[in-house]
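1. quick one, structure for this:
(one chain, ligands or ions: 1)
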Amino acid sequence: MNSPPPRWSLVIHGGSGRMARATMSAAAEADYRAGLAAALAAGEAILAADGSALDAVEAAVVVLEDHPGFNAGRGAVFTAEGRNELDAAIMDGATRAAGAVAGVTRTRNPISLARAVMVQTPHVLLAREGADIFALETGLPQVDSGWFRTEERWQALAAMKAAAARGESVFDKTLKYGTVGAVARDAAGHLAAATSTGGLTGKRWGRIGDSPLIGAGTFADDRSVAISATGSGEDFIRVGAGHEIGARIRMLGDTPKAAADAVIAELRGIDGDGGLIFVGADGSAGWAFNTPGMFRGCVTASQKPLVAIFDDEG
Ligand code: ASP
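-> Coordinates of the predicted model:
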């Protein structure tokens, strides 16, 4: 007989990619693991006190946005023009209400701005200058662009420009991504998903990836699943990743894990790379990815926090 699902579950990610033990210093690895553990703890505190999945995913993502090691909020990658343009989305599986922002430049925690779009406007997605103006009206903390800047991300842009000057390909889809996300199922059985990112180093022309697109990189529906993705965003958009996983569960009767694996296989079929985290309406929780690693973590009412980076862990 199947055991009952845990009373609540939380899964987080901090991006997928070409992580290798050989090239990650012990100090960097410890710092990533501490950041993931702190995000799990923030969400766990809410879920264990019978708080909502929505509050838990926002709280977990805020911790990862404030951590300079991940590509979201502080530590976001730079555009070709040397700016930080941030994308984020949040979705409530109970009502399928959703909010998202794209290309915002001043809000310390873009995930909270996405939630404000969901709660305070009749819209789902606000972009660029308009979203920055809306941010002022919300009263959410605004910061100078220097808040987002880290030397490592600045050097990544310099390296990309140097490669372009040598005539080398600028976008490598197997790069280490660093988008962050969280999905949760609360004690009332409601699902929620949240994703936040700086996008891709060297992005141009107002490029927007999958993270703020509901049904692509972020999706939640109490009837099926909540997902948050990371990876080559254009490919997640092309396969409609989040919605496709939900549709497979509802219409084919797939388990969330089988649906997630099928969509990652489909992504690979069009040369896409990355991963995603999920929690199912059935209480299952986990991840699927096709890269050598994904920063990730999971905690449930019946399982202690687990943090992992490389593909042979957890
Ligand atoms: N999926 C994100 C994007 O394409 C990048 C990432 O996962 O780091 O914007």
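2. would you mind writing the CA trace of the helix or strand of the chain with the lowest mean pLDDT as CSV?
-> When each helix and strand of the chain is scored by mean pLDDT, DSSP states H and E, helix 151-165 comes last, with a mean of 91. Presented in CSV, the C-alpha positions along helix 151-165 are these (Å, rounded to 0.1, in the frame of the first residue of the first chain):
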residue,chain,number,x,y,z
GLU,A,151,32.8,40.7,-9.7
GLU,A,152,32.4,37.1,-10.8
ARG,A,153,29.4,38.0,-13.1
TRP,A,154,31.2,41.1,-14.4
GLN,A,155,34.2,38.9,-15.3
ALA,A,156,31.8,36.4,-17.0
LEU,A,157,30.6,39.2,-19.3
ALA,A,158,34.2,40.4,-20.0
ALA,A,159,35.1,36.8,-20.9
MET,A,160,32.1,36.5,-23.2
LYS,A,161,33.0,39.8,-25.0
ALA,A,162,36.6,38.6,-25.4
ALA,A,163,35.4,35.3,-26.9
ALA,A,164,33.1,37.2,-29.2
ALA,A,165,36.0,39.4,-30.3
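3. what residues sit buried inside it?
-> 153, 156-157, 160 (16 or more other Cβ atoms under 10 Å). Heads up, the C-betas are built off the backbone N, CA and C, glycines and all.
4. redo these as a markdown table? Include distance to the ligand.
-> What follows is these, written out as a markdown table (distance: Cβ to the nearest ligand atom, whole Å):
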| residue | distance to the ligand |
| --- | --- |
| 153 | 12 |
| 156 | 12 |
| 157 | 15 |
| 160 | 15 |
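5. as TSV, those residues with distance to residue 79 would be great.
-> As requested, those are exported to TSV (distance: Cβ to Cβ, whole Å):
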residue	distance to residue 79
153	11
156	12
157	8
160	11
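6. just flag the most distant two among these.
-> 153 and 160 (10.7 Å; Cβ to Cβ).
7. ok now the helix with the most length in the chain, how far from the chain's centre?
-> Longest helix in the chain by number of residues, with DSSP state H as the criterion: helix 26-48. Relative to the centre of its chain, helix 26-48 is centred 15 Å away, using Cα atoms, centre = their mean, to the nearest Å.
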